Every structure is written in structure tokens, then in C-alpha cells.
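Undergrad: how would this look folded up:
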Amino acid sequence: MQLIASVAALAATITSVNALGNAIVNNNCAFPIYLWPTDTERNPSQAVTVAPGGSWSEPYHAPASGGVSIKINKQNSKSNPTQFEYTVASFGASSLWYDGSHVDCVGSACPFYDFGINLKASDPSCPTRDCPVGQVCSGFYTLWNDDVNTLSCASSANTVFTVCSVNQGGDSASPVQKPAAAAPTTTKAAVVNEAVLTTFATHYAEPTKRSEPVHHGHMHFHQRSNQE
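TA: Here you go, the predicted model:
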């Protein structure tokens, strides 16, 4: 009996350690925002609309190769988006990589240049990034081959990307609900964990794929496309 109890306790511990977090986008703006979760398995043509003060989330998605780029805009267009990128891996304690990218936009042409952006994790020990209002965001990627702004954290942590971050409220680190077999929603609720990935790649936008060398123990590349 003692052995069974010990095995059960160990299994519970492993499950807890391996539990995956969520990618969360909070809209602190006074206007709706539009997002497209994009990777090697998903390339939606229709945006998810997040109302002012609303949130969107997904359990970390693990495509067969590469990572996930959540393209975000203040207009219903994929042109010149801000991107929230993440990749999870099945090894190591710091098995989540995440970043913000402005490779598809420049300076004041970036959609939230005048509103501020905050990127953080639910684990306060993990690194954060802030984009001040009216300034180029030095903590985000601005060059596709500049691998210095990738952040890492345990994959059990939620990552939270807040636009119009200078406003109050709407920056919750809790996931939101998307009912089974339904369109994405901004209602809060429970989460289902998914499998993890063993290499890192982020995606964003143009006709051809360009590969970068390996940095920091993970593969990082961007795919660029300017489709509407």
C-alpha cells in the first residue's frame, strides 16, 4: 500500500511539473484588436476579434515543427502586425521560449506604437519586456536574424501579452475560455494541456522561408508573408 501511495504521489508530481501554461493576449485598448494564431499547421484567414477590455488565450500549441506567432493588429489586416511568439519544448526546466517581434513593422508604423505593450509571464522570476508609448521597442525583435530578445521560462507558466498597457485593468495572467467545438471567445474558464515541441522556431511574414543558425540551444527562424 505504501509503495502504491508513493508511486501515485510521484506520478502526481510529474504531471504537475509537465503541465503546460497558456498564451494570453489582453486588450487594454479602447478599441477592438484582431489576432491570428499562426504556425506550420495553422494560417487562419479570418481574425479573432478581442473587444476592448477583453482577453484571448490558448493552451500552448505544439505544431510538428516550429513555434507559434500570434499576429496582432488594431485593424482587421495582417499587414504590419505586432507579433507575440512562443515555443515550448519537452526537455529542461526552462522549456518555454517567448518574445515580441516588430520585424513586420517599423517604428511608428507598428500598430501599438502610441499605446504601449507589456510582455510578462505568470512566474515573476521570468523576464519581461515593456514597449513605452511613442518609442521604438528595443526589447522586441526588429531584425529577423537578431537572436538576442528571446526570453525563457518554465513551460508551466502563462505568458501574457498586453496591448495598450498604459491603461488600467485587463492585464490578467489567467487563461480565458474557448468552449469545445466553438469559435474562439473572450470568456474565462478551464484549459486543456497539449503536447510539447523539441525545437524552437517563430513565424512571421514573407513569401519565402529563411533559416537562422542555432542560438542558445534552440532553432529560431522567421517566415514572412504579407497576405491580407
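
Undergrad: Return the list of strands paired to the helix or strand where I72 lies, each annotated with direction.
TA: Using DSSP states H and E, I72 sits within strand 68-73. Paired strands of strand 68-73, with direction, are strand 33-38 (antiparallel), strand 82-88 (antiparallel) (DSSP bridges).

Undergrad: Buried deepest among these, which one?
TA: Ranked by mean neighbour count, these are led by strand 82-88 with a mean of 28 (mean count of other C-beta atoms under 10 Å). C-betas here are computed from N, CA, C, even on glycine.

Undergrad: After that one, which helix or strand is next? Please name it.
TA: strand 96-101.

Undergrad: Tell me what angle that following strand forms with strand 68-73.
TA: Strand 96-101 and strand 68-73 meet at an angle of 30 degrees, taking axes from the mean of the first three to the mean of the last three C-alpha atoms, to 10 degrees as the criterion.

Undergrad: Please name every helix or strand in contact with strand 96-101.
TA: strand 82-88, strand 117-121, strand 129-131, strand 151-153, strand 159-163 (3 or more C-beta pairs under 8 Å, 6 or more residues apart in numbering; DSSP states H and E).

Undergrad: what inclination does the last one have with respect to strand 33-38?
TA: Between strand 159-163 and strand 33-38, the angle comes out at 140 degrees (the same axes, to 10 degrees).

Undergrad: Name the residues that touch strand 159-163?
TA: 21-29, 33, 70, 72, 82, 84, 86, 96, 98, 100, 112, 115-122, 153, 170-173 (C-beta atoms under 8 Å, 6 or more residues apart in numbering).

Undergrad: Swap in 6 Å and give it another go.
TA: 23-26, 28, 84, 86, 98, 112, 117-121, 171, 173 (C-beta atoms under 6 Å, 6 or more residues apart in numbering).

Undergrad: from those residues, which has minimum pLDDT?
TA: On pLDDT alone, D171 ranks lowest of the contacts of strand 159-163, at 57.

Undergrad: just the contacts of strand 159-163 now: which is nearest P132?
TA: Nearest to P132 among these, counting by C-beta to C-beta, is I117 at 9.1 Å.

Undergrad: and the gap between the spatially closest residue to the closest one that is not a sequence neighbour and I72?
TA: Closest residue in space to I117, ignoring its immediate chain neighbours: C131 at 3.9 Å, by C-beta to C-beta, 6 or more residues apart in numbering. Distance, C131 to I72, using C-beta to C-beta, to the nearest Å: 12 Å.
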